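Asker: Requesting a structural model of the entry that follows:
(chains A and B)
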Amino acid sequence: MAEVVFDEASRIYTPGATPAVDKLSLTVNDGELVVLVGPSGSGKSTALRMLAGLEPIDAGHLRIDGRDVVDVASKDRDIAMVFQSYALYPSKTVRDNMAFPLKMRGMDKAEQAKRVNEAAEILGLTEYLDRKPKALSGGQRQRVAMGRAIVREPRVFLMDEPLSNLDAKMRVQTRAQIAGLQNRLDVTTVYVTHDQVEAMTMGDRVAVLRDGKLQQYATPSELYDRPVNAFVAGFIGSPAMNLMDLQRSGDGVTLGGSTLPLTREVADAAGSADTVTVGLRPEDLSLTSEGDGIKAVVDVVEELGSESYLYAHMAEHPDTTLVVRGPGRTRVRYGETIAVRVDPDAVHAFDASSGERLAS
Amino acid sequence: MTSTLERPAAPSGPPPAPGQTPTRSARAEGWVRRAPLLPALVFTIIVTQIPFLLTIFYSLQSWNLVRPGSQQWVWFDNYVSVFQDSQFRGVALNTVIMTLGSVLIAVVLGLVLALLLNRHFIGRGIVRTLLVTPFLITPVAAALLWKTTLLDPTYGLINFVLSPFGVGEEAWISDFPLASVMVALIWQWTPFMMLLLLAGLQSMPTDQIEAARMDGAGAWAIFKELTLPHLRRFIELGTVLGAIYLVNTFDAVYMITQGGPGTASANLPFYIYQRAFLGFDIGQSAAMGVVVVVMTIIVATFALRLVFRSFGAAEGSN
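Answerer: I've put the predicted structure just below:
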């Protein structure tokens, strides 16, 4: 049970170069599951390793339960970590792998056995306790790594892309298991992933990082509804939001020959700028048979059963592409021209040069 | 496109029925493949198996070169006297001490050096090269260096370095003959063990060590619980390879002590050489040679099996 505070914490590999983590400030509340998400090189893993004590903190502070841990060795921070590769000890059985952190803390044998058996029970590993890791499947190894972390009852769990080595089906299943386990144990957890779906489904709050800098730290729904900049808007959501630099015309912007109205606040925030970056989520676009829709030519049709995604380009501006969500049984085919209707309330607008969200 | 994929693959000739005798052409093809290996095989047989058969032949005879006309069949008398020869037993014990002692000490020293070299420090490349050099020196030259430059009672560097500690003109080679030979062997073989174990250390995944650190393990616990189990197969391999090379050491013994005083530092290869080429007792030394070959085959079989088992079992662990 602990609160984790990053206070302008930085990691600078080479002096003078761009910091891997640049003045990261965020607070993880007690019992909360926070996901750090970002593309590769965004510093999310480095931030986690700083919390783990595997990377030094070159500037700023890092507090666990109010105690500054910058100079505390990782073994004294009382945190447990699940590695991307699981990092199981190959020469030890599953039982000894899970008991290792307890043994290192000098816990007596009976208590060790009790805790390992409990954890194995929770994770469904009881029948594998005497096997070596190499005799386990990927999913089982992942659970052993989880078990090794939970037997200790640490103050903080760290997870570094724990699902990336599993196949797609296993990943969805394990994702739910981890979220459920974290809910039940109520341990503060920091979870790193590059997969925005994992971030959205698992996190109580999600921190989006880019180039070592925190972009936005908010609940999944807020990230989705009100991304603070074009990067977050493009990163969160699948398929990605359509982002287009569009010319201003009067109260709105020109899109495919028609005018897309902007709200008063957005127009005021945009000021005298000629262009505005407009973001439209595929799910906020719909096909229409009326003549007022935006005309686009379909390039690719992805049918997913319950829905379909149409990848199209503007009939009049072939460089501008759009992804539109259509019905599950669409009759639209490659090369057809479709008319797209935009929900005017769902228009996200960003400053064309800075990428910042316009208006609130 | 799909139609070509759906069409069943054309059978590439009927598979040979089990038990069916191979056709003439198949046999010929087999010989075409084996023929290039034949010269090597024939050569190996000529240089190893024929001498061994001749050795067995001589071991059944009494034949001393200094007594012409003494050659006669004595069958197993030579073997009986080999096992009754207390010198032979002493020399056999020397061989075990020299081989295992040198290998084990070299492994321990090699492990220490490998652990040091596995860290980052300035000049690591130079240090590593310097540490490897003993292994690159011709064994005879190395032995000569140890005998004259280092261990000599009057001019030796060892006595010079130790003189502040009250060590006078200590005659290392005559007072500690077996140890003197072993020191030279250990000096030469430590780099080999070091390189092998360094390769082992560098193949160890860093995330396991990081995980252990987070699990609360200190440096010693990480070494004992993770590093040593990981290095086990490398240590076994080094021990077996080192023992195979060192069991037939001749040059160091010949150069440093000549096996003396008496047979205090002689090992089996040197003792057999002495009996054959200085004592001219062909029958006796042939019998000793046969005994040594048989014992070596027995030990080597078990040792190699151990190594192959631990490397075979380790496959797929990653």
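
Asker: Tell me how far residue B:87 lies from residue B:259.
Answerer: Using Cβ to Cβ, to the nearest Å, residue B:87 is found at 11 Å from residue B:259. All C-beta atoms are positioned from the backbone trio N, CA, C, and that covers glycine.

Asker: more crowded one of the two?
Answerer: residue B:259 (22 against 12; other Cβ atoms under 10 Å in any protein chain shown).

Asker: Could you look up the SS state of residue A:279?
Answerer: strand (DSSP: H, G, I helix; E, B strand; the rest coil).

Asker: residues near it, how many?
Answerer: By other Cβ under 10 Å, neighbour count at residue A:279 equals 21.

Asker: Report whether stretch B:117-135 contacts chain A.
Answerer: No: figure legend: stretch B:117-135 not in contact with chain A (Cβ under 8 Å from any Cβ of the partner chain); closest approach 14.8 Å.

Asker: So which residues of the stretch 51-200 of chain A form strands?
Answerer: With strands called from DSSP state E, counting those that start in this stretch, the stretch 51-200 of chain A shows them at A:59-64, A:67-68, A:79-82, A:156-160, A:188-193.

Asker: rewinding a little: give the intersection of the neighbour lists for residue B:87 and residue B:259.
Answerer: Common contacts of residue B:87 and residue B:259, defined by Cβ atoms under 8 Å, 6 or more residues apart in numbering or on different chains, comprise residue B:271.

Asker: pLDDT below threshold where in the chain?
Answerer: Using chain A here. A:1, A:290-291, A:360 (pLDDT under 70).

Asker: sorry, should have said chain B
Answerer: B:1-22, B:312-318.

Asker: Show me which residues of it are close to chain A?
Answerer: Counting by Cβ under 8 Å from any Cβ, chain B sits next to chain A at B:205, B:207-208, B:210-218, B:221, B:225-226, B:229-230, B:232, B:316-318.

Asker: Just the buried ones from those residues?
Answerer: Among the residues of chain B next to chain A, those scoring as buried are B:207-208, B:210-217, B:221, B:225-226, B:230 (criterion: 16 or more other Cβ atoms under 10 Å in any protein chain shown).

Asker: In helices, which of those appear?
Answerer: Counting by DSSP state H, these place B:207, B:208, B:210, B:211, B:212, B:213, B:214, B:221, B:230 in helices.

Asker: mind listing what the last one touches?
Answerer: Translated: residue B:230. Residue B:230 touches A:90, A:91, B:200, B:204, counting by Cβ under 8 Å, 6+ apart.

Asker: Columns mean neighbour count and distance to residue B:117 on top of the strands of the stretch 51-200 of chain A, output as CSV?
Answerer: Output for the strands of the stretch 51-200 of chain A, formatted as CSV (neighbours: other Cβ atoms under 10 Å in any protein chain shown; distance: least, Cβ to Cβ, whole Å):
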stretch, mean neighbour count, distance to residue B:117
strand A:59-64, 18, 33
strand A:67-68, 12, 36
strand A:79-82, 27, 29
strand A:156-160, 24, 29
strand A:188-193, 26, 33
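
Asker: want to try CSV for these, with distance to chain B as columns?
Answerer: CSV is the format used below for the strands of the stretch 51-200 of chain A (distance: least, Cβ to the nearest Cβ, whole Å):
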stretch, distance to chain B
strand A:59-64, 14
strand A:67-68, 17
strand A:79-82, 5
strand A:156-160, 8
strand A:188-193, 13
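
Asker: about what we covered before: looking at the contacts of residue B:230, which is nearest residue B:243?
Answerer: residue B:200 (18.0 Å; Cβ to Cβ).

Asker: Could you count how many residues lie near the nearest residue in space to residue B:218 that is not next to it in sequence?
Answerer: Sequence neighbours aside, residue A:75 is the residue nearest to residue B:218 in space, at 7.4 Å (criterion: Cβ to Cβ, 6 or more residues apart in numbering or on different chains). If you count neighbours by other Cβ under 10 Å, residue A:75 ends up with 19.

Asker: I figured residue A:75 hits residue B:215, correct?
Answerer: Yes: under the criterion of Cβ atoms under 8 Å, residue A:75 makes contact with residue B:215 at 7.5 Å.

Asker: Show me the common contact partners of those two, please.
Answerer: residue A:104.

Asker: From chain B, how far off is residue A:54?
Answerer: 5 Å (Cβ to the nearest Cβ, to the nearest Å).

Asker: Show me what from chain A comes close to chain B.
Answerer: A:52-54, A:73-75, A:79-81, A:83-85, A:87-92, A:100-101, A:104-105, A:132-134, A:148, A:152.

Asker: who are the neighbours in contact with residue 188?
Answerer: Looking at chain A here, since you left the chain open. A:1, A:2, A:3, A:4, A:28, A:29, A:30, A:31, A:32, A:155, A:156, A:157.

Asker: oops, I was thinking of chain B
Answerer: B:134, B:135, B:137, B:139, B:142.

Asker: Residue A:351: which of the residues you listed is nearest?
Answerer: The nearest member of these to residue A:351, counting by Cβ to Cβ, is residue B:135 at 66.6 Å.

Asker: Could you pull up the contacting residues of that closest one?
Answerer: Residue B:135 neighbours (Cβ under 8 Å, 6+ apart): B:188, B:189, B:191, B:192, B:195.

Asker: Can you select the buried ones among those for me in PyMOL?
Answerer: To isolate the buried ones among the contacts of residue B:135 in PyMOL, judged by 16+ other Cβ under 10 Å, type:
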select buried, chain B and resi 188+189+191+192+195
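
Asker: Could you check how far the nearest residue to residue A:319 once chain neighbours are set aside is from chain B?
Answerer: Spatial nearest neighbour of residue A:319, chain neighbours left out: residue A:313 (7.6 Å); criterion: Cβ to Cβ, 6+ apart. Applying Cβ to the nearest Cβ, the value for residue A:313 to chain B is 27 Å.

Asker: Equivalent analysis for residue A:328, please.
Answerer: In terms of Cβ to the nearest Cβ, residue A:328 sits 25 Å off from chain B.

Asker: what sits against that residue?
Answerer: A:303, A:304, A:305, A:306, A:307, A:308.

Asker: Neighbours of the second one, how many?
Answerer: Here the neighbour count serves as a burial measure; for residue A:304 (other Cβ under 10 Å) it reads 9.

Asker: that older thread, drop anything exposed from the residues of chain A next to chain B.
Answerer: A:52-54, A:74-75, A:79-81, A:83-85, A:87-92, A:100-101, A:104, A:132-133, A:148, A:152.
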